[in-house]
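S.K.: With the sequence up front, the predicted model follows.
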Amino acid sequence: MAAGTIRYWAAAKAAAGVAEEPYTAETLAEALEAARANHPGELVRVLRRCSFLVDGDPVGTRSHETVRLAEGGTVEVLPPFAGG
């Protein structure tokens with residue numbers, strides 16, 4: 001299992017109630033499942049609309065089960081933003 005940090009931005013931060021928190025997971029899917037379990041309610045809905053960066057690289061349309069997380073890595077949770 002890899003340990004790292006999830007950072008929440010904008011609506012995701014408001015829904016989680018924290019700016020960041022640690023994860024222990026092998027894949028992005030596992031990290032997000034833990035986040036949903038830790039923050040039931042609004043964050044679950046917000047995550048459906050988010051895009052993700054893993055160590056600065058966009059996840060895009062890749063299946064979250066296939067995105068491996070590195071020790072000391074960072075997952076950025078980016079809800080849709082208005083404007084440029």
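M.R.: That came through fine.
S.K.: Now for the residue lying closest to Leu78 once chain neighbours are set aside, how many residues are close by?
M.R.: Among residues not flanking Leu78 along the chain, Ser51 sits closest, at 4.9 Å (C-beta to C-beta, 6 or more residues apart in numbering). Every C-beta, even on glycine, is put in place using the N, C-alpha and C of the backbone. Using other C-beta atoms under 10 Å, Ser51 is surrounded by 13 other residues.
S.K.: List the backbone torsions phi and psi for Ser51.
M.R.: Recorded main-chain torsions at Ser51 are phi -110, psi 160, according to degrees, to the nearest 10.
S.K.: so where's this protein shaky on pLDDT?
M.R.: 82-84 (pLDDT under 70).
S.K.: let's go with 80 and repeat that
M.R.: For the chain, the stretches with pLDDT under 80 are 81-84.
S.K.: Please name every helix or strand in contact with the lengthiest helix in the chain.
M.R.: Criterion DSSP state H: the longest helix present in the chain is helix 28-38. If you count contacts as 3 or more C-beta pairs under 8 Å, 6 or more residues apart in numbering; DSSP states H and E, helix 28-38 packs onto strand 20-25, helix 42-47, strand 74-78.
S.K.: Which of the ones you listed sits closest to Asp57?
M.R.: strand 74-78 (10.0 Å; C-beta to C-beta).
S.K.: Compute the distance between the nearest residue to Pro80 once chain neighbours are set aside and Glu26, please.
M.R.: Taking C-beta to C-beta, 6+ apart, and ignoring the residues beside it in sequence, Pro80 has Arg49 as its nearest neighbour in space, at 5.8 Å. Here Arg49 is placed at a distance of 25 Å from Glu26 (C-beta to C-beta, to the nearest Å).
S.K.: still on that earlier bit, just give me the neighbour total for the residue nearest to Pro80.
M.R.: Arg49 has 11 nearby residues by other C-beta under 10 Å.
S.K.: and it, that one's in a strand?
M.R.: No - counting by DSSP: H, G, I helix; E, B strand; the rest coil, Arg49 is not found in a strand; it is coil.
S.K.: Surely it and Leu78 touch.
M.R.: No - Arg49 is beyond contact range of Leu78, at 9.8 Å (criterion: C-beta atoms under 8 Å).
S.K.: With that, I have no additional questions.
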